[in-house]
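> only geometry, no sequence info:
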């Protein structure tokens, strides 16, 4: 997988592809794209135009990059001193216009990672050392500070700033314009009115993803214990752990809260 294997018909004459880059022959490279020497691009990827990719960056198969996306550039961290950090992007992702995705930092583990089947919409930013799961949506202008984790199937709404080191749980939905400074509970709907709150279960999203009524009922019960009872978080967790038929989804919720270092949004 070297530049020499690329079909010239698939590379616009204005594109610049380093001879050291490894680009699959099936890829389509549009006008004014630039691919650096430490980049690997898997089969059937498409760079529409004006896309810049630097490395070390590894990109899987079937990804589409829209104009002016800037991928794999050095992290926006003042402590970064040119260390050989990485970006890894999986398969079948869509990276829309003017998205920026930075490589990792040495102090943060050296790796930024994006999973599979994820949509990152226009002007979103994924900072250094972030870990994005599968089938995630980052809406227009969503901004992830460094070291953020977004678990599978989560949705981050438009214009949401997410603080460094925050975790966003699986199947969570964050409303547009919400400032996120603490961990977002799995399966939750979280939004900002005057303050940022969890507003209960993302039931519609779970239904669309094939959750059974029984699974949703168990998660809904757990949310009532966490959010609507007079128990504090520790007491609520003890009550949930004492229930023998709580199910794996509630276990996921319990483990997420117990692992939280920043605290969770309730």
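Looks like it arrived, so ask away. Computed from a predicted structure; not experimentally measured.
> model confidence score at the closest residue to residue 148 other than its chain neighbours, please.
Excluding its sequence neighbours, the residue lying closest to residue 148 (CB to CB, 6 or more residues apart in numbering) is residue 130, at 4.7 Å. All C-beta atoms are positioned from the backbone trio N, CA, C, and that covers glycine. Looking at residue 130, its pLDDT reads 98.
> and what of residue 51?
98.
> who's in contact with it?
30, 33, 34, 65, 66, 67, 68, 69, 70, 71 (CB atoms under 8 Å, 6 or more residues apart in numbering).
> hang on, isn't the second one packed against residue 46?
Looking back up the chat, that one is residue 33. No: with contact defined as CB atoms under 8 Å, residue 33 does not count as touching residue 46 (10.1 Å).
> between those two, which one's more packed in?
Set side by side, residue 33 and residue 46 show more neighbours around residue 33, with 23 against 16, by other CB atoms under 10 Å.
> next, give phi and psi for the more buried one.
phi -80, psi 150 (degrees, to the nearest 10).
> can you tell me how far it is from residue 260?
41 Å (CB to CB, to the nearest Å).
> please apply the same query to residue 92.
Distance from residue 92 to residue 260, by CB to CB: 31 Å.
> before we move on, what about residue 158?
For residue 158, the distance to residue 260 - CB to CB - is 25 Å.
> now swap in residue 183 and tell me
5 Å.
> and residue 96, by the same measure?
Counting by CB to CB, the gap from residue 96 to residue 260 is 31 Å.
> more crowded one of those two?
More crowded of residue 96 and residue 260, by other CB under 10 Å: residue 96, with 20 against 16.
> give me the pLDDT for that one.
98.
> okay, residue 195: pLDDT?
pLDDT, residue 195: 71.
> assess the claim that residue 220 and residue 202 are in contact.
No: between residue 220 and residue 202 no contact is recorded; they are 10.5 Å apart, counting by CB under 8 Å.
> the two: which is more packed in?
residue 202 (28 against 15).
> which residues does the nearest residue to that one once chain neighbours are set aside contact?
Excluding the flanking residues, the one nearest residue 202 by CB to CB, 6+ apart is residue 173, at 4.5 Å. Neighbouring residues of residue 173 by CB under 8 Å, 6+ apart: 154, 155, 157, 188, 189, 190, 202, 205.
> so residue 173 bridges to which residues?
Beta-bridge partners for residue 173, by DSSP bridges, are residue 155, residue 189.
> do you know how far it is from residue 137?
If you go by CB to CB, the gap between residue 173 and residue 137 works out to 9 Å.
> common neighbours of these two, please.
Common neighbours of residue 173 and residue 137 (CB under 8 Å, 6+ apart) are 154, 155.
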